[in-house]
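Undergrad: Sequence first, predicted coordinates after that:
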Amino acid sequence: GNSVTQMEGPVTLSEEAFLTINCTYTATGYPSLFWYVQYPGEGLQLLLKATKADDKGSNKGFEATYRKETTSFHLEKGSVQVSDSAVYFCAPAGGTSYGKLTFGQGTILTVHP
Amino acid sequence: DTAVSQTPKYLVTQMGNDKSIKCEQNLGHDTMYWYKQDSKKFLKIMFSYNNKELIINETVPNRFSPKSPDKAHLNLHINSLELGDSAVYFCASSHSVSRANGYTFGSGTRLTVV
């Protein structure tokens, strides 16, 4: 099955700082890759996804590029806001795991004004 | 017109009780899931149903029993609740088990066992 390792948190940044959250995965076959975000007290929401190598997923100023050669899908944002404070989850799906999502341990991000 | 709805949102109960959590999706998806999120935010899959058929049953105590009366509903019944069952339980759905399109999640049920 698939597995994923995420950068350990918590990550604390000042507003307008640059954000990177590292994610590397192990999968057999050709998985799709997802980033989900969980705001305080809420369920998980799909943030962005990429379905094949070299694809770039983007949404709300966040970006991640599917790097098959390094099995990575790092999340980046050029200028974070206080409202980006949340837990971020990286998840591969597919390959021999079919549609099942395998979540990383989550990275807590706190952005201060 | 919430896509995946769970009830109740909060559940506080005593050890030893039996409780149920309900989940419904109106997206026309074939596959539904239950996840448990612990206090460290770690998400662990518990069960998955595809068109009312159980397809994933991870290592979960048999006090937990899922039921899917139709493909739009997946309920979770828990017998003899224990303190360690306290967590947030999320329901999710996806188009089908064979397509990696991602999930739509409910807003969660926070279970507290006292």
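TA: Everything's here; your move. What you see is a predicted model, and the numbers here were worked out from it, not measured in a lab.

Undergrad: Quick one: low-confidence residue ranges for chain A.
TA: By pLDDT under 70, the low-scoring segments of chain A are A:95-99.

Undergrad: what does it put close to chain B?
TA: Contact residues, chain A versus chain B (Cβ under 8 Å from any Cβ of the partner chain): A:31-32, A:34, A:36, A:38, A:42-46, A:49, A:51, A:87, A:89, A:93-94, A:98-101, A:103, A:105-106, A:108. For the C-beta atoms, the positions are set from N, CA and C on the backbone; glycine is no exception.

Undergrad: Got a PyMOL select line for the buried ones in these?
TA: In PyMOL syntax, the buried subset of those is picked out as below (16 or more other Cβ atoms under 10 Å in any protein chain shown):
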select buried, chain A and resi 31+32+34+36+38+43+44+46+49+51+87+89+93+94+98+99+100+101+103+105+106+108
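
Undergrad: From the residues of chain A next to chain B, which land in strands?
TA: Among those, DSSP state E puts A:31-32, A:34, A:36, A:38, A:44-46, A:49, A:87, A:89, A:93-94, A:108 in strands.

Undergrad: Which two among those residues are spaced furthest apart?
TA: Greatest spatial distance in those: A:Gly94 and A:Ile108, 26.8 Å, computed using Cβ to Cβ.

Undergrad: picking that back up, of the ones in strands among the residues of chain A next to chain B, just say which sits nearest to B:Ser65.
TA: A:Leu44 (24.2 Å).

Undergrad: Is the closest one in contact with A:Cys90, as I believe?
TA: No - look at A:Leu44 against A:Cys90 with Cβ atoms under 8 Å: they stay out of range, at 11.8 Å.

Undergrad: Out of the helices and strands in chain B, which is least certain?
TA: strand B:53-57 (a mean of 85; mean pLDDT, DSSP states H and E).

Undergrad: Any idea how far that one is from the middle of the chain?
TA: Put simply, strand B:53-57 sits 13 Å off its chain's centre (Cα atoms, centre = their mean, to the nearest Å).

Undergrad: Would you mark the buried spots in that strand?
TA: For strand B:53-57, using 16+ other Cβ under 10 Å, no residue counts as buried.

Undergrad: and for that strand, what are the contacting residues?
TA: Residues from elsewhere that reach strand B:53-57 (Cβ atoms under 8 Å, 6 or more residues apart in numbering or on different chains): A:Lys100, B:Thr31, B:Tyr33, B:Ile45, B:Phe47, B:Ser48, B:Tyr49, B:Pro66, B:Ser68, B:Val97.

Undergrad: same question, stretch A:62-79
TA: A:16-27, A:33, A:35, A:47-48, A:50-58, A:61, A:84, A:88, A:90, A:92.

Undergrad: Tell me the buried residues within those residues.
TA: Buried among those by 16+ other Cβ under 10 Å: A:19, A:21-25, A:27, A:33, A:35, A:47-48, A:50-51, A:57, A:84, A:88, A:90, A:92.
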